[in-house]
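Engineer: Generate a structure from the sequence data that follows.
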Amino acid sequence: MATFKHISSKNADYGAAEQYLTFEHDEFTMKPTLDKNGQIVPRTGYLISSLNCGEEDFAIACMRSNLKYGKNQKREDVKSHHYIISFDPRDALDKGLTVDRAQALGEQFCKTHFPGHQALVCTHPDGHNHSGNIHVHIVINSLRIAEVPLLPYMERPADTREGCKHRCTDAAMEYFKAEVMEMCHRENLYQIDLLHGSKNRVTEREYWAKRKGQAALDKENASQAATGELPKQTKFETGKEKLRRTIRAALSSAVSFEDFSGKLLQQGVTVKESRGRLSYLTPDRTKPITARKLGDDFDRAAVLEALTINAQNAARAAEKPTPKQEYPRSIKDRLQRGKAAINAPKQDSVQRMVDREAKRAEGKGIGCDRWAAVHNLKQMAATMSVYEESGFSSPEELEAALAAASAELNSVHAKLKAVESTLREKKDLQKQLLAYIKTKSARDGLKAQKTEKARRNYREKHESDFIIAEAATRFFKAQGIQKLPSSKALQAEVEQLTREKNSLYNEYREKRERTKELQTVKSNIDQILHREPERGKGRENER
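Structural biologist: Numbering: from 1, shown residues only. Here you go, the predicted structure:
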């Protein structure tokens, strides 16, 4: 899934950002990597471009602009903002994402959301941990060198003015994350909901602490292995990871908050509640760790919900009599039942069976035929497992289930398209509304003119503003809008529609995978029973 991250920098050396993007750096020390001759090693396979820099380098253009407007001259000033869009590693294999395509998406994102800023856009083909994820770096000068339109994340008039600085607020980050989700949905890339918290919230500091700790542990284990000693620990855990594991272990069996607190206290962890928020104090710390820093699974609402479920399950277990356990009648039955349980294939491993006769007709050799025979046996077992677990008793029931799944898929797809259409309309309205609001000063100035000549001269002087205002007015009339909505209410509506669209998209993907699975099972059943597939129904529901 695509993620979005922001880093602000007070480094006055703008060239350091370009050097980091174009040359390899040590992931722990952040120093340039040197070869055997002491020369820095350039990166390979990347793409880089600059925006709003003219014919000059990014660093020179930024320093020239800072001197022109008298900004970014103090040590404590934020000189640049660094945004990173990291795509899912599966996007390259499943969705055909390339470095060129990611670079184009990054440049368009920068032009749309950071207009008027000098910027570097660089795409790397792989992450520093070799995860295979394509990611885009967007580095912008904090100073704005041109007047820009009022964008939805901007809160003050200064956010649009030339010579003022970019502000990355919480509202701006929420807006950028929503736009990244929208971009991934539009480009059919893997994506999760970035607008809500995560079950395990891992900060940048914790991530690097884990990486450095794991590297030190691997080095220590290697030295022990050289002397013939067995390592006691192979996986490094941070203090927060240990705390999460301890909390989850206590939460899995506790039925009340007092029981939960007691189980944690046995492990040396004290849980505190203050103003409706939980915090956890470990023996090695003097300051407790808040649930917000651990993840959404550890806040008060999630803990109370888990405790309620545990209490309900315990009550049901106490009311329900224990069923009499049945044992296999013979050792042979017991072994066969255990073997069947071990060899039972997973549902998501079902694949289409190969038509061996067609492959032979194509001239495939005996090796391919042997592979197809083994493959078909495996898929036959997997197909029958899904067939039985789904409760089908005849191929007709399978066809009915496939038809129902296809209908549900089409229904969710229709809802998704409707929400996308509404969201598009709201965004068009938002664009026109923001443009109209920006012309308020010009429209108020026209009302202040006393004579017709003064009004005519004023309109000529601010002609562009009145053209924008009239275009927006025509749009409002065409849409039948009598009273303009507030920009904040409209932005909240856009965010709500974005969340609804994201939820529907995830549901659509689940329905699509289920439909594909049933289509595969039906195809395999038809081949097993030597039934002729119905023409025109092979892939009609695959999108």
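Engineer: Am I right that residue 437 falls within a helix?
Structural biologist: Yes. Assessed by DSSP: H, G, I helix; E, B strand; the rest coil, residue 437 belongs to a helix.
Engineer: burial count for it?
Structural biologist: Applying other Cβ atoms under 10 Å, we find 15 other residues in the vicinity of residue 437. Every C-beta, even on glycine, is put in place using the N, C-alpha and C of the backbone.
Engineer: show me the contacts for it.
Structural biologist: Shown in contact with residue 437 (Cβ atoms under 8 Å, 6 or more residues apart in numbering): 150, 487.
Engineer: Okay, and the beta partners of residue 141?
Structural biologist: Residue 141 has the following beta-bridge partners by DSSP bridges: residue 80.
Engineer: And stretch 27-46, end to end?
Structural biologist: Length of stretch 27-46, first residue to last, Cα to Cα, to the nearest Å: 17 Å.
Engineer: And the contacts of that stretch?
Structural biologist: 19-26, 99, 122-126, 128-129, 208, 211-212, 215.
Engineer: Swap in 7 Å and give it another go.
Structural biologist: For stretch 27-46, the external contacting residues (Cβ atoms under 7 Å, 6 or more residues apart in numbering) are 22, 23, 24, 25, 26, 99, 122, 123, 124, 125, 128, 212.
Engineer: Identify each buried residue in it, please.
Structural biologist: 43, 46 (16 or more other Cβ atoms under 10 Å).
Engineer: again with stretch 478-498
Structural biologist: 490, 491, 493, 494, 495, 497, 498.
Engineer: how long is stretch 143-160 end to end?
Structural biologist: This stretch, stretch 143-160, spans 11 Å end to end (Cα to Cα).
Engineer: just the strands in the stretch 101-250 of the chain please.
Structural biologist: Applying DSSP state E, counting those that start in this stretch to the stretch 101-250 of the chain gives strands spanning 117-124, 135-144.
Engineer: quick one: the first one to strand 135-144, angle?
Structural biologist: This means strand 117-124. 170 degrees (axes from the mean of the first three to the mean of the last three Cα atoms, to 10 degrees).
Engineer: Can you name every helix or strand that strand 117-124 contacts?
Structural biologist: Here strand 117-124 touches helix 14-22, strand 47-51, helix 58-69, helix 99-113, strand 135-144, going by 3 or more Cβ pairs under 7 Å, 6 or more residues apart in numbering; DSSP states H and E.
Engineer: Show me how the chain divides into domains.
Structural biologist: With domains defined by automatic domain parsing, the chain comprises 3-186, 204-227+236-319, 397-528.
Engineer: Make TSV out of the strands of the stretch 101-250 of the chain and add mean pLDDT.
Structural biologist: Compiled in TSV, these are given as follows (pLDDT from 0 to 100):
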stretch	mean pLDDT
strand 117-124	95
strand 135-144	95
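Engineer: Of those, which is nearest residue 268?
Structural biologist: Among the strands of the stretch 101-250 of the chain, strand 135-144 comes nearest to residue 268, with 39.8 Å by Cβ to Cβ.
Engineer: for the closest one, packing partners?
Structural biologist: Counting by 3+ Cβ pairs under 7 Å, 6+ apart, strand 135-144 packs on helix 58-69, strand 80-86, helix 99-113, strand 117-124.
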